[in-house]
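[1] Take this sequence and fold it.
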Amino acid sequence: MTEREALIALNRIQGIGAVTVKRLAEALGSVAAIAGRSADELEGLPGIGVERAALLSRGLAPEYAEEELSRAAKKGATLVTWADDGYPALLKAIADPPLVLYVAGDVSALDTLSVAIVGTRRPTMYGRETAQRFGYQLAAAGYTVVSGLAEGIDTEAHTGALKAKGRTVAVLGGALDCLFPKSNTALARKIASGGGAVVSEYAFGRQPDRQTFPMRNRIVSGLAKGVLVVEAPINSGTLITANQAVDQNRAVMAVPGRVDSGASQGCHKLLKEGAKLVTGVEDVIEELQDLFVARPRVAAAAKAAGRPAAEARPAPSLSEDERAVLAKMEDEGSHVDALIRATGLGAGKVNAILVSLQIRRQVRLLPGGFVKRVSQ
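    As a prediction, the model looks like this:
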């Protein structure tokens, strides 16, 4: 068996996870080497024992991998394993990355600059509007929005990203062919066909259950640079995602709500524990600003190579609307309302453009609703 085939076959075996596979690969030299061992040989390896050895000896066969690949081809899905170049780098670095990712849509969407938006399945109207607004603005600014396709906050975050014609990734709590909730089937199709991806770590046929949903959460946070909690009760499973984000060294952010709203108590708990308080999309950008500080290093590298500093970073490609907004901006700065009137593009459009320009260091958002061009 190849490494890829071995990983696909192993992934079908319930009770055998990433930590166990890593341990076996270290002991035997490769994942494929596991297939060449008898149950007796495997039994003596650290952390295996009689039961797991029997599972491994029965479940590791080339035909099982071929069966999964055949089903994936019929369903138009792609299987990405540890052994594949397309496996997302951020996710691979966590302690227990999935052995295999089953992907419907664009695999490359899993390896982009991403922010996870998560929260309760039973949000208030405030929570719904906030999640959709952040999904829209972050997607319009170039982020991929990651969430779990659940009802409530997840649905609103995905919907906002799609409305902005941006990319969003939905991580399922069951197999691709056991999509839950059924009410989000149409949403899942829009995500997969709109440049995003619907992804699962589970082999075909695995129904979601109380065990799979918490496991899914580590993938949601693992794919993203930061996790934004919009609305979550104090006992919400969303806090599991936040805790996993901390373990994975991801930024944790939370949106405050009414002090007397049970739907926001989990967010307030996170804020007390040190999560970044977020009231606008600019707060998310600020928290992840370290992603955009490479410019001096790039310029220095260009100088060392004898190239002009201007070559270090090509001028960003701007849309017609982005150029129109910049053209209407006064040298000393302009108020957002003035830009909306001057361009005639509408408030939502202008705000999304300004966030996008800020990410690309073309403008700075200032207190009081003012914005100013950055000197190049």
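[2] quick one: contacts of stretch 79-94?
    The set of residues that contact stretch 79-94 without belonging to it, under CB atoms under 8 Å, 6 or more residues apart in numbering, is 2-4, 7-8, 31, 68-69, 72, 97-103, 107-108, 110-111, 114, 218-219, 222-225, 248. C-beta here means a position set from N, CA and C on the backbone, and glycine is covered the same way.
[3] How far does it sit from its chain's centre?
    Relative to the mean C-alpha coordinate of its chain, stretch 79-94 is positioned 13 Å out (CA atoms, centre = their mean, to the nearest Å).
[4] and if you look at stretch 150-163?
    Between the centre of stretch 150-163 and the centre of its chain there are 13 Å (CA atoms, centre = their mean).
[5] Next: stretch 248-257.
    Between the mean C-alpha position of stretch 248-257 and that of its chain there is a distance of 14 Å (CA atoms, centre = their mean).
[6] repeat for stretch 83-98
    What separates the centre of stretch 83-98 from the centre of its chain is 13 Å, taken as CA atoms, centre = their mean.
[7] And that stretch, what's buried?
    By 16 or more other CB atoms under 10 Å, the buried positions in stretch 83-98 come out as 83, 87-88, 90-91, 94, 97-98.
[8] hey, C-alpha coordinates of it in PDB?
    Included here for stretch 83-98 are C-alpha records, laid out as PDB according to Å, rounded to 0.1, in the frame of the first residue of the first chain:
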ATOM      1  CA  ALA A  83       0.700  12.600   2.200                       C
ATOM      2  CA  ASP A  84      -0.800  15.000  -0.300                       C
ATOM      3  CA  ASP A  85       0.700  18.500  -1.100                       C
ATOM      4  CA  GLY A  86      -2.800  20.000  -1.000                       C
ATOM      5  CA  TYR A  87      -3.300  19.300   2.700                       C
ATOM      6  CA  PRO A  88      -3.800  22.700   4.500                       C
ATOM      7  CA  ALA A  89      -0.600  23.700   6.300                       C
ATOM      8  CA  LEU A  90      -2.200  25.400   9.300                       C
ATOM      9  CA  LEU A  91      -4.400  22.300  10.000                       C
ATOM     10  CA  LYS A  92      -1.500  19.900   9.600                       C
ATOM     11  CA  ALA A  93       0.400  21.700  12.400                       C
ATOM     12  CA  ILE A  94      -2.300  21.000  15.100                       C
ATOM     13  CA  ALA A  95      -1.800  18.200  17.600                       C
ATOM     14  CA  ASP A  96      -4.300  15.800  16.000                       C
ATOM     15  CA  PRO A  97      -5.000  16.800  12.400                       C
ATOM     16  CA  PRO A  98      -7.500  14.600  10.500                       C
END
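[9] Good, we can wrap up now.
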